[in-house]
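J.: Here is my input, please return the structure:
(one chain, ligands or ions: 1)
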Amino acid sequence: MDMEAFLTLHKDLPREGPGAPEDVAWACALAGLAADAVICDAGSGPGGDVPALLAAAPSGRVVAVDAYFGAAADARFAEDPRVRGDTADMAHLDRLPEAPFDLIWCAGALYFLGLENGLAAMARALKPGGVLAFSEPARFVDAPDPAAEAIFEGYPLRRPEEIAAVTVGAGYEVLGQRKVPDAGWEAYFGPIEARVAELRPGADENLTVVLDEALAEAAAWRVHRDAIGYVLTVARRGA
Ligand SMILES: C[S@@+](CC[C@H](N)C(=O)[O-])C[C@H]1O[C@@H](n2cnc3c(N)ncnc32)[C@H](O)[C@@H]1O
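T.: Numbering: from 1, shown residues only. You can find the predicted model right below:
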């Protein structure tokens, strides 16, 4: 994919993946998060989940870390001293000045490291007893249609209970799991579809490919949303 065309489509979108504020609230309540918690939003995109994280920890701090959108997150919350955005690799959150964390929130991003590697990387950056909440591509049927699996470009789709088992194997206690709601996916695809409509007139060949792929992904998810999606897992690191 042409990176310039990708960034043209994605510049200034409110979020870069599916997610809903009620999921953040649910995860923070399960975690028993303190009002002054130190939080990392790992793979934050432009920081779409930061307001909900701050609502759960009003006297806490959030560092939003993203390899591409860290500066955008920093600029978005420039007026709020509780938030810092950082362009960094989430494989090394333990090196951040704010680490270790009470909570790492990782919406649709852990899988870029691979599930096992991601779980290990997050454990290194959490306080003992700290909590990781992550949404992970999942299948809700035995054999999803190949067109549904293609949304995740070959990433192995596990059942929620398989994700829980891998999480336990990595030394966490699973506190809860739930499917990311359709509203979370629409919160991602809706602004993308509006942006596609804006950019379509006059789009060059590279941009046209990116716009077509974005619409195809949204259409495929709507057809297959009962078979595949994201499962949110909330898990406590062992002491
Ligand atoms: C599907 S998006 C989700 C973004 C955001 N959590 C949201 O829900 O809007 C995944 C994000 O992970 C980021 N990412 C991927 N690999 C990364 C890495 N190794 N370190 C930091 N960010 C990474 C990407 O830049 C992208 O913004």
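
J.: residue ranges of the helices in this protein, please?
T.: Remark: helices of the chain, listed N- to C-terminal, are 3-10, 21-31, 50-56, 70-76, 115-125, 146-149, 160-169, 182-199, 205-224; assignment by DSSP state H.

J.: Just the pLDDT at the residue sitting furthest away from the middle of the chain, thanks.
T.: With distances taken as Cα atoms, centre = their mean, the residue sitting farthest from the centre of the chain turns out to be residue 202, at 31.7 Å. Residue 202 is assigned a predicted lDDT (pLDDT) of 90.

J.: swap in residue 138?
T.: 97.

J.: I'd like to know which elements the longest strand seen in the chain is packed against.
T.: Identified as the longest strand of the chain according to DSSP state E is strand 126-139. Applying 3 or more Cβ pairs under 8 Å, 6 or more residues apart in numbering; DSSP states H and E, one finds that strand 126-139 contacts helix 21-31, strand 101-107, helix 115-125, helix 160-169, strand 172-179, strand 228-237. The way it works is simple: take the backbone N, C-alpha and C, and place the C-beta from them, glycine included.

J.: what distance separates stretch 178-189 from the middle of the whole chain?
T.: 11 Å (Cα atoms, centre = their mean, to the nearest Å).

J.: same deal with stretch 47-54?
T.: Relative to the chain's own centre, stretch 47-54 is displaced by 11 Å; criterion: Cα atoms, centre = their mean.

J.: For that stretch, what does the pLDDT average out to?
T.: 98.

J.: For it, buried residues please.
T.: Judged by neighbour count using 16 or more other Cβ atoms under 10 Å, the buried positions of stretch 47-54 are 47, 48, 49, 50, 51, 52, 53, 54.
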